[in-house]
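Undergrad: A structural model of the following input is requested.
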Amino acid sequence: MSGFVEKPEPVQVPGLTHLHTGKVRDLYRNEAGDLVMVASDRLSAYDWVLPTEIPDKGRVLTRLSLWWFDRLSDLVPHHVLSTELPAGAPADWAGRTLVCKSLNMVPVECVARGYLTGSGLVEYDASRTVCGLALPEGLSDGSELPAPIFTPATKAAVGDHDENVSYEEAARQVGAETAALLRQTTLAVYSRARDIARERGIILADTKFEFGFESTPDGDRLVLADEVLTPDSSRFWPADQWQPGRAQPSYDKQFVRDWLTSPASGWDRKSEQPPPALPQEVVDATRAKYIEAYELLTGNAWS
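TA: Residues are numbered from 1 along each chain as shown. I've put the predicted structure just below:
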């Protein structure tokens, strides 16, 4: 059993229809048919949405995504129409709300990996492959790959794991032409972002994107959607501390994962019991990491 420890009730806003409560984002539709996406301060770990929120997290994700969308728009268009707060929305939505195009979403998570870690490392240790792609001998946790690879995954419901799949399986699900476009675009966006991050002393180890299609007079057009290149969707490592052969320090919720699996939490990850509330020091350290990632990447002070 997993999912929400305490699932929040959706906020009711005149003129907006609630569509979905996700791990982090709440999704609405406005009267014009556009999507309204609200990034909460919720945090998930080990397939649970935790009962403790991380202050400012939703605003960090929103502001960082907007920064990246601006720097990627020549490679692929994005889904953002406006950052204006919908009429009647609570003041707390300010800075965490995006009005977006309604797209025909592709049912595949598009993952790009430039370094070996996470679920890719587990598969590599077993078979010297990642999502069926053969990799050379001698790699370890944190090793840079010879070239970035596209490793798709199927989208999972809240409380379930995304499942890595082969490129061939992704092509079977979405069609060969779409799969090829997804791979090409994913790797192009990853490479651009990797180079930008590297200039700022950060390694972009891997990341996942979501894409959808919009109808235009010239045919369907691929659009980058959801969040992009945030600490929730990406592994960012400090370049000056990179050392293959061990787990890397990172700008994300690693403090939370470490505490949950430590004796201090008293939680058994393999049990069906939900995880406990986070102590304040873990909340503060996690918030600081999200803000540090934003400031290092953008060069802007958080305010």
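Undergrad: Identify the residues contacting the closest residue to residue 38 other than its chain neighbours.
TA: Excluding its sequence neighbours, the residue lying closest to residue 38 (C-beta to C-beta, 6 or more residues apart in numbering) is residue 26, at 4.5 Å. In this view, the C-beta of every residue, glycine as well, is placed from N, C-alpha and C. For residue 26, the contact set (C-beta atoms under 8 Å, 6 or more residues apart in numbering) comprises 10-11, 18, 20, 37-38, 40.
Undergrad: Return the subset of those lying in strands.
TA: 18, 20, 37-38 (DSSP state E).
Undergrad: What is the nearest of those residues to residue 219?
TA: residue 37 (25.6 Å; C-beta to C-beta).
Undergrad: What is the burial count for that closest one?
TA: 24 (other C-beta atoms under 10 Å).
Undergrad: now the one 3 residues further on
TA: Other residues near residue 40 number 21, with proximity taken as other C-beta under 10 Å.
Undergrad: picking that back up, and the contacts of residue 26 as CSV, adding distance to residue 149 and pLDDT?
TA: Below are the contacts of residue 26 laid out as CSV (distance: C-beta to C-beta, whole Å; pLDDT from 0 to 100):
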residue, distance to residue 149, pLDDT
10, 38, 93
11, 40, 94
18, 38, 97
20, 31, 94
37, 29, 98
38, 33, 98
40, 32, 97
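Undergrad: returning to that earlier point: got the buried residues for the one helix or strand the residue nearest to residue 38 maps to?
TA: Here residue 26 sits within strand 25-29, counting by DSSP states H and E. For strand 25-29, the neighbour count (16 or more other C-beta atoms under 10 Å) marks 25-28 as buried.
Undergrad: I'd like to know which of the residues you listed is nearest to residue 111.
TA: residue 25 (18.9 Å).
Undergrad: thought that closest one was touching residue 38?
TA: Yes: contact criterion C-beta atoms under 8 Å: residue 25 and residue 38 qualify, at 6.3 Å.
Undergrad: From the contact counts, what lies against the one helix or strand residue 111 maps to?
TA: Under the criterion of DSSP H and E, residue 111 resides in strand 108-115. Counting contacts by 3 or more C-beta pairs under 8 Å, 6 or more residues apart in numbering; DSSP states H and E, strand 108-115 is packed against strand 144-150, strand 153-154, helix 167-174, helix 176-199, strand 202-216.
Undergrad: just those: most buried one?
TA: strand 202-216 (a mean of 20; mean count of other C-beta atoms under 10 Å).
Undergrad: Let's verify residue 236: helix, strand, or coil?
TA: For residue 236, the assignment made with DSSP: H, G, I helix; E, B strand; the rest coil gives strand.
Undergrad: can you pull the contacts of the closest residue to it other than its chain neighbours?
TA: Closest residue to residue 236 apart from its sequence neighbours, by C-beta to C-beta, 6+ apart: residue 251 at 4.2 Å. Applying C-beta under 8 Å, 6+ apart, we find residue 251 in contact with 202, 231, 236-238, 289-290, 292-293, 296.
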